[in-house]
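Visitor: model the following, please.
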Amino acid sequence: MYYIYGAENSRACEKAETLLIVCRKPYKIFCLGRDYTHDQLQKLVPGTVTVPHVFLHAKYIGGVKELYDHLYTHISFENEKENERD
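Guide: You can find the predicted model right below:
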């Protein structure tokens, strides 16, 4: 399960959500001010000033670019494994 720590009306958060939808990955979004505070986010990702922050289970992935890179690598690896079986 992927977890997005984001904010309402954030284009970057929308992009992260879209990536997970397109890749058919389960996810949950937490919204700043509603589901968590800035102080709580600082405990998860010290020094952060932007959102989103994406985690896979308890492992920190990063922002949108890092999520894209992670998913691209993960999907490419899955495709290689499928091709080996054919």
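Visitor: and Cys23, what does it touch?
Guide: Leu71, Ile75 (Cβ atoms under 8 Å, 6 or more residues apart in numbering). Heads up, the C-betas are built off the backbone N, CA and C, glycines and all.
Visitor: Lys25 contacts Leu71, doesn't it?
Guide: Yes - using Cβ atoms under 8 Å as the test, Lys25 is close enough to Leu71 to be in contact (7.3 Å).
Visitor: more neighbours, the two?
Guide: Shown here are Lys25 and Leu71; by other Cβ atoms under 10 Å, Leu71 has more neighbours (19 against 15).
Visitor: let's see the pLDDT reported for that one.
Guide: pLDDT recorded at Leu71 is 93.
Visitor: residues in contact with it?
Guide: By Cβ under 8 Å, 6+ apart, the contact list for Leu71 reads Leu19, Leu20, Cys23, Lys25.
Visitor: then Tyr2?
Guide: Under the criterion of Cβ under 8 Å, 6+ apart, the contact list for Tyr2 reads Leu20, Lys25, Pro26, Tyr27, Lys28, Val54, Phe55, Leu56, Ile61, Leu67.
Visitor: in strands, which of the residues you listed fall?
Guide: Tyr27, Lys28, Val54, Phe55, Leu56, Ile61 (DSSP state E).
Visitor: which residues of the protein fall in helices?
Guide: If DSSP state H is used as the criterion, the helices of the chain fall at 11-22, 38-44, 64-85.
Visitor: and Leu32, which of those helices is closest to it?
Guide: helix 38-44 (6.9 Å; Cβ to Cβ).
Visitor: and the closest residue to Leu67 other than its chain neighbours, how far from Phe30?
Guide: Residue nearest to Leu67 in three dimensions, not counting chain neighbours: Val54, with 4.8 Å by Cβ to Cβ, 6 or more residues apart in numbering. Separation of Val54 from Phe30 (Cβ to Cβ, to the nearest Å): 11 Å.
Visitor: isn't Cys13 up against Val51?
Guide: Yes - taking contacts as Cβ under 8 Å, Cys13 lies within contact range of Val51: 6.0 Å.
Visitor: joint contacts of the two?
Guide: Gly6, Ala7.
Visitor: what about Ile4, distance to Lys28?
Guide: Here Ile4 is placed at a distance of 7 Å from Lys28 (Cβ to Cβ).
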